[in-house]
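Chemist: Need a 3D model of the following:
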Amino acid sequence: MTEYESLSVTNNSSRQFLSFILAGEEYATDILKVQEIRDWTHATIVPNSPDYVEGVTNLRGQIIPIINLRTRFSLPSDDNLKNRIVIVLNVDDGHRTRLMGLLVDAFAETYDINDYEIKTAPSKISVIDDEFIIGLASANEKMLILLDVDELLTSQELTPTVNDNVA
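Modeler: Predicted coordinates:
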């Protein structure tokens, strides 16, 4: 191996992503953001919250909002899903870190993805706002949509009531 080859190998950094299924597509988020994965149990409804906020739940004494990602992305609901999960995430809004839950259809797997494998997503190709997508990556012959959960879960669409008073 030449000095140049050695340098290029050591500069390739990779990140781990946890993937999940949502309406038949595979999405992923940085695994360092994941606190835990829980079975879905119904949440306590919060009046006047956006339709994609399923409610709040108590996680070892901490009240966390649960965001229904199907509703958040305007995907059709599926009442036949039996084993939905909540991915509890540490979300950083730039001022503080707090826990929030994403209600998704199922856990898929984890992937190691090199930074150079992450490609910019074409603009306006998805029901998901471009600002919420880190990029696209191929893994095991599948295309993963990599989500920026900090942007997704701290967007202005989440009402101050949910952000400041609940979590």
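Chemist: what residue ranges in this protein score low on pLDDT?
Modeler: 1-12, 123-130, 155-167 (pLDDT under 70).
Chemist: can you give me the helices in it?
Modeler: Ranges of helices in the chain, per DSSP state H, are 3-11, 69-72, 149-153, 160.
Chemist: and the third one, what other elements does it pack with?
Modeler: Think helix 149-153. Applying 3 or more C-beta pairs under 8 Å, 6 or more residues apart in numbering; DSSP states H and E, we find helix 149-153 packed against strand 85-92, strand 97-104. Any C-beta I mention is one placed from the backbone N, CA and C, and that applies to glycine too.
Chemist: Can you tell me which of those strands is most buried?
Modeler: Among the helices and strands packed on helix 149-153, judged by mean count of other C-beta atoms under 10 Å, the one packed with the most neighbours on average is strand 97-104 (a mean of 22).
Chemist: Sheet-wise, list the partners of that strand with their directions.
Modeler: Applying DSSP bridges, strand 97-104 is found paired with strand 62-68 (parallel), strand 85-92 (antiparallel).
Chemist: Redo those strands as a markdown table? Include distance to Pro47.
Modeler: Below are the strands paired with strand 97-104 laid out as a markdown table (distance: least, C-beta to C-beta, whole Å):
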| stretch | distance to Pro47 |
| --- | --- |
| strand 62-68 | 13 |
| strand 85-92 | 21 |
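Chemist: And those strands: which comes nearest Leu18?
Modeler: Smallest distance to Leu18 across the strands paired with strand 97-104 (C-beta to C-beta): 7.1 Å, for strand 85-92.
Chemist: which non-adjacent residue is nearest Asn114?
Modeler: Closest residue to Asn114 apart from its sequence neighbours, by C-beta to C-beta, 6 or more residues apart in numbering: Ser14 at 4.6 Å.
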